[in-house]
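[1] Sequence plus the predicted model coming up.
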Amino acid sequence: MTMVETATKADTAMRAGTRVKASDPVYGDILDFLIDEVALLDDDRHVEWLDCLTDDIVYKMPVRKTVYRRDGDGFDGRNAHWHDNRQSLGLRVRRSVELPSAYDRDPAPRIRRMVTNLAVRETDTPGEYKATTNLVLLRNRFDAAAYDMLSAKREDIIRRDDGGTCKLASRLILVDQTALGAVFINVFM
């Protein structure tokens, strides 16, 4: 490895994890991407949402468990509610859109997602950023007076292509509840 390559690698490693300020245009691009993404999901436009994902997407929601602090972080590394890739997400979207027997989708639930507290950090890979957000999801169906509610932390990898277009490359959803209930089984976070 040449001295220039070594210096470049060291410089990249030092920058990795550096917080991107809200005044940086990259932050604005990622914020716009997340706003547009959640609008597609809230408007039940799941097929269009798939276009926001990279071909190598990893979409995972590990099972939350209640443990004492000394016993771990509270997530089961062996079990997940979802551990999807592009193909399995496509199948879930197809189920939601095409299958008349998808009882949880007809009539369609009314879902509102609030994504807040965006923090963006550089990664070791040029053009990729780690975006951490908080999510509150409200779900209502039929004529119910109350909402089903879910809260979570999301850790995303957002990849920008050469044209600057953002795509979701990875999503880790860390839910606050230990029991989700059946109403959230096929809800995209």
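    Right, received. Where do you want to start? Numbers count the residues shown, from 1 in each chain.
[2] Can you get me a residue count around the closest residue to residue 166 other than its chain neighbours?
    Distances taken as CB to CB, 6 or more residues apart in numbering put residue 33 closest to residue 166, at 3.8 Å, once the chain neighbours are dropped. The C-beta positions use only the backbone N, C-alpha and C, and glycine is treated the same way. Using other CB atoms under 10 Å, residue 33 is surrounded by 19 other residues.
[3] Contact partners for the residue nearest in space to the middle of the chain?
    Nearest to the mean C-alpha position of the chain, by CA atoms, centre = their mean, lies residue 171 at 3.8 Å. Applying CB atoms under 8 Å, 6 or more residues apart in numbering to residue 171 gives the contacts 57, 58, 59, 60, 154, 155, 156, 157, 189.
[4] I'd like to know how far the first one sits from residue 177.
    The one in question is residue 57. Distance of residue 57 to residue 177, computed by CB to CB, to the nearest Å: 24 Å.
[5] quick one: buried residues of the host helix or strand of residue 138?
    Taking DSSP states H and E as the definition, one finds residue 138 inside strand 128-140. Buried residues in strand 128-140, counted by 16 or more other CB atoms under 10 Å: 129, 130, 131, 133, 135, 137, 139, 140.
[6] for the residues you listed, which one is nearest residue 107?
    Residue 107 has its nearest neighbour among these in residue 140, at 11.0 Å by CB to CB.
[7] Let me know whether the closest one touches residue 147 as I believe.
    Yes. When contacts are counted by CB atoms under 8 Å, residue 140 is listed as touching residue 147 (5.1 Å).
[8] these two touch, right, residue 120 and residue 30?
    Yes. The criterion here is CB under 8 Å, and residue 120 meets it with residue 30 at 5.4 Å.
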